[in-house]
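Novice: Prediction below, plus the sequence it came from.
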Amino acid sequence: MSAPTQTPPHPAHRGGVDIRLPWWALALPVLAFVTLLVLILDPAEAHAATADPAITQLFERALQLMAR
């Protein structure tokens, strides 16, 4: 009768968590932060968005259809 052999346990992972982020995972938040910072520092460059009349008419028409 043969005895079962024991396999050695997997070695424990030592050290910190090894997570690799893509380059854009840091670049996009930094870009957004810098853009907002520039707008705060120079508010004359921040322009209000103007709505396109076609989009406004489409939105009003949708509201009319939902009100019926």
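Specialist: Yep, it's here.
Novice: Run the chain-centre distance for the helix or strand bottoming out on mean pLDDT in the chain.
Specialist: Within the chain, confidence by mean pLDDT, DSSP states H and E is lowest for helix 53-67 among all helices and strands, at a mean of 83. In this view, helix 53-67 has its centroid 30 Å away from the chain centroid, taken as C-alpha atoms, centre = their mean, to the nearest Å.
Novice: try stretch 58-68
Specialist: The answer for stretch 58-68 is 32 Å, by C-alpha atoms, centre = their mean.
Novice: now stretch 25-32
Specialist: Its chain's average C-alpha position is 9 Å from that of stretch 25-32, according to C-alpha atoms, centre = their mean.
Novice: Tabulate the CA atom coordinates of that stretch in PDB.
Specialist: Provided in PDB are the C-alpha atoms of stretch 25-32 (Å, rounded to 0.1, in the frame of the first residue of the first chain):
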ATOM      1  CA  ALA A  25      -5.300  56.200 -15.200                       C
ATOM      2  CA  LEU A  26      -3.100  58.900 -13.700                       C
ATOM      3  CA  ALA A  27      -3.000  61.200 -16.700                       C
ATOM      4  CA  LEU A  28      -6.700  61.800 -17.000                       C
ATOM      5  CA  PRO A  29      -7.300  63.000 -13.400                       C
ATOM      6  CA  VAL A  30      -4.200  65.200 -13.600                       C
ATOM      7  CA  LEU A  31      -5.400  66.700 -16.800                       C
ATOM      8  CA  ALA A  32      -8.900  67.400 -15.400                       C
END
